[in-house]
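*Asks:* Have a look; sequence and predicted model below, questions after that.
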Amino acid sequence: MLVLPLVAWMYVCAVVALAAGVIATASYDRLDWPTLVVTAVLFLVCDSVPARLSVRRARVSLSFAASLATVVLLGPACAALLGICAVVTGQRSVPFVKRLFNGAQFALSGYAAGVVFCLLAGDRAGLGQEGWLERVIGPFLGALVTFVLVNLALMGGVLLLSRQATVRELLSGSGPLVFGCLGYGMVGLLVAGLWAHEGIGPLAAVLVLLPLFVARWAFEQTRAQRQAHAATLAALCQAVETKDYYTRGHSERVSRGSVMIAQEIGMRSDRVEAIRYAGMLHDVGKLGVPTKVLQKTGPMSEDDLAAIQLHPMRGLEIVRDIGFLDEALAGIMHHHEKMNGRGYPMGLAGDEIPEFARIIAVADAFDAMTSNRSYRAACTIEEAVVELRRCAGDQFDPVMVESFVRALDRLGWELPGPVSVPGDAEVAQQDHDDPTAPLEVQ
């Protein structure tokens, strides 16, 4: 937050000022200090232990529940006042400026949600009345959706203005965040409903802590599982790359390039994650190719060429039972197909080639061209782009090529460093991924 550009700082200041104005001018006709103190404690406890999602750098604050409960119990003004608690959150690692902004966005989101709830519920929301839940469930859902949308819009504004994300990235990554926020927010209705029962009252806040933390545990388990998946895939990639000094880091770079293309064409977040895996594992079938073939210094025999061209199918055989890969399997199987139908292993052409495979083919070839090889120095980025465009329509999907070029212009590309090869090591004199140097067959 301390390195925000000026326009982002102005935005943060405007949001904080607007929240302060709302809190200062709101009418606190339903203020009940004991109830507000209990919901504030619940807010602080929940906000201090946010749930980390699988989306990069994304967290969901459990305090959504306390804010939404306050909307029902005390109205929009008190919901806005509750947002101040985010400034003194237990997340000590969060800079003060960011905590101040979080407090402001919680205040504005709570106030907007409260206004919507009051408009939709009218005088039907009396706590403790028979049939209360049936009367408020609709207004509460309206308030919940309002809270989530306002909160995400305010956060999206600062991410856009600080250039930490693009509109397309925000839209593609918002799905898991929206569902996480909506899920936690529904607990607010549970708090308010329990509060209405005689003899429970403030104990409702304590009773909901267990299901809240169980939900948080479930989110954390999902994230840990994904991290374990990623570690397993990274180990497979490392096993492949031990066969050739010149391909170290290749799988990771192809994965990154594939994600760049996928995000550029507006692919939804779950498919972006799948193609990240596909890019990492696209060459895993090389584990089934003899090392002497991969490191061959002279022309390929027909048998050598057949072994190379079977590696996509070998890759499918190795990872086909990994359930979470889903669509990634098609990318692994067909990333060497060509638009003109002269690729392998199936000779697919045009739109017959799965979208994942057409994306990986571009990223794969680009990284091969911009990497040093034993038989040539690395191409420059500009030279590689020229070659991609020259082969577009014949070997590569033109849409994917142009999408990659646009992403390159915006995000850049980190070229691999020099390759250190032991003097007695054998290295290949050709590369099946390199469109500038087709395989030589004897």
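*Replies:* Perfect, I can see it now.
*Asks:* what comes up buried for whatever helix or strand Glu134 lives in?
*Replies:* Assigned by DSSP states H and E, Glu134 falls within helix 132-161. Residues 132, 135-136, 139-148, 150-152, 154-155, 157-161 are the ones in helix 132-161 that count as buried (16 or more other Cβ atoms under 10 Å). For every residue, glycine as well, the C-beta is placed using N, CA and C.
*Asks:* which strands and helices sit next to the longest helix along the chain?
*Replies:* Longest helix of the chain, by residue count under DSSP state H: helix 209-241. Applying 3 or more Cβ pairs under 8 Å, 6 or more residues apart in numbering; DSSP states H and E, one finds that helix 209-241 contacts helix 33-47, strand 51-52, helix 167-195, helix 250-264, helix 269-281.
*Asks:* chain center to that helix: distance?
*Replies:* The chain centre lies 14 Å from the centre of helix 209-241; the measure is Cα atoms, centre = their mean, to the nearest Å.
*Asks:* got the angle for it vs helix 33-47?
*Replies:* 20 degrees (axes from the mean of the first three to the mean of the last three Cα atoms, to 10 degrees).
*Asks:* Tell me what angle helix 209-241 forms with helix 250-264.
*Replies:* Using the same axes, to 10 degrees, helix 209-241 lies at 130 degrees relative to helix 250-264.
*Asks:* Sketch out the low-pLDDT regions of the stretch 101-250 of the chain for me.
*Replies:* Scanning the stretch 101-250 of the chain with the threshold set as pLDDT under 70 gives 123-131, 168-169, 172-177, 180, 196-209, 212, 215-216, 219, 223, 243-247.
*Asks:* re earlier: will you turn the helices and strands packed on helix 209-241 into JSON lines that also has distance to Met333 and mean neighbour count?
*Replies:* Below are these laid out as JSON lines (distance: least, Cβ to Cβ, whole Å; neighbours: other Cβ atoms under 10 Å):
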{"stretch": "helix 33-47", "distance to Met333": "45", "mean neighbour count": "20"}
{"stretch": "strand 51-52", "distance to Met333": "33", "mean neighbour count": "19"}
{"stretch": "helix 167-195", "distance to Met333": "25", "mean neighbour count": "19"}
{"stretch": "helix 250-264", "distance to Met333": "15", "mean neighbour count": "23"}
{"stretch": "helix 269-281", "distance to Met333": "10", "mean neighbour count": "23"}
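*Asks:* Glu252 is in contact with Met280, isn't it?
*Replies:* Yes: taking contacts as Cβ atoms under 8 Å, Glu252 lies within contact range of Met280: 6.8 Å.
*Asks:* Common neighbours of the two, please.
*Replies:* Counting by Cβ atoms under 8 Å, 6 or more residues apart in numbering, the residues touching both Glu252 and Met280 are Cys237.
*Asks:* Just send the helices and strands packed on helix 209-241 back as JSON lines, with distance to Pro76 too.
*Replies:* Output for those, formatted as JSON lines (distance: least, Cβ to Cβ, whole Å):
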{"stretch": "helix 33-47", "distance to Pro76": "13"}
{"stretch": "strand 51-52", "distance to Pro76": "26"}
{"stretch": "helix 167-195", "distance to Pro76": "14"}
{"stretch": "helix 250-264", "distance to Pro76": "37"}
{"stretch": "helix 269-281", "distance to Pro76": "32"}
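*Asks:* The closest residue to Asp394 other than its chain neighbours and Gln309, how far apart?
*Replies:* Nearest residue to Asp394 in three dimensions, chain neighbours excluded: Asn340, at 5.2 Å (Cβ to Cβ, 6 or more residues apart in numbering). For Asn340, the distance to Gln309 equals 16 Å [Cβ to Cβ, to the nearest Å].
*Asks:* Mind checking which of those two has more residues around it?
*Replies:* Remark: of Asn340 and Gln309, Gln309 carries more neighbours, 16 against 13, as counted by other Cβ atoms under 10 Å.
*Asks:* His387: neighbour count?
*Replies:* Actually, residue 387 is Glu rather than His. Using other Cβ under 10 Å, Glu387 has 19 neighbouring residues.
*Asks:* Assess the claim that it and Met369 are in contact.
*Replies:* Yes: assessed by Cβ under 8 Å, Glu387 is found in contact with Met369 at 6.1 Å.
*Asks:* Who are the packing partners of the host helix or strand of Ala107?
*Replies:* Ala107 belongs to helix 96-121 when assigned by DSSP H and E. On a contact count with 3+ Cβ pairs under 8 Å, 6+ apart, helix 96-121 meets helix 6-25, helix 64-74, helix 76-82, helix 132-161.
*Asks:* distance between the third one and the chain's centre?
*Replies:* Here helix 76-82 is found 32 Å from its chain centre; the criterion is Cα atoms, centre = their mean.
*Asks:* One more: the second one?
*Replies:* Relative to its parent chain, helix 64-74 has a centroid offset of 29 Å by Cα atoms, centre = their mean.
*Asks:* and if you look at the last one?
*Replies:* Centre-to-centre, helix 132-161 and its host chain are 21 Å apart (Cα atoms, centre = their mean).
*Asks:* Give me the angle between it and helix 6-25.
*Replies:* 150 degrees.
*Asks:* before we move on, the earlier item: quick one: the residue nearest to Asp394 and Gln395 touch, right?
*Replies:* Yes: Asn340 lies in contact with Gln395 (Cβ under 8 Å); the separation is 7.0 Å.
*Asks:* Please look at Arg314 and Asp283 and confirm they touch.
*Replies:* No: with contacts counted by Cβ under 8 Å, Arg314 stays clear of Asp283, the gap being 9.9 Å.
*Asks:* Which one's more surrounded, the two?
*Replies:* Neighbour count, other Cβ under 10 Å: between Arg314 and Asp283, Asp283 has more, with 29 against 19.
*Asks:* What pLDDT is listed against that one?
*Replies:* At Asp283, the model reports a pLDDT of 86.
*Asks:* Excluding sequence neighbours, find me the nearest residue to Gly257.
*Replies:* Ala363 (3.1 Å).
*Asks:* Let me see the confidence value for the one you found.
*Replies:* Ala363 is given a pLDDT of 95.
*Asks:* Alright, I will stop here.
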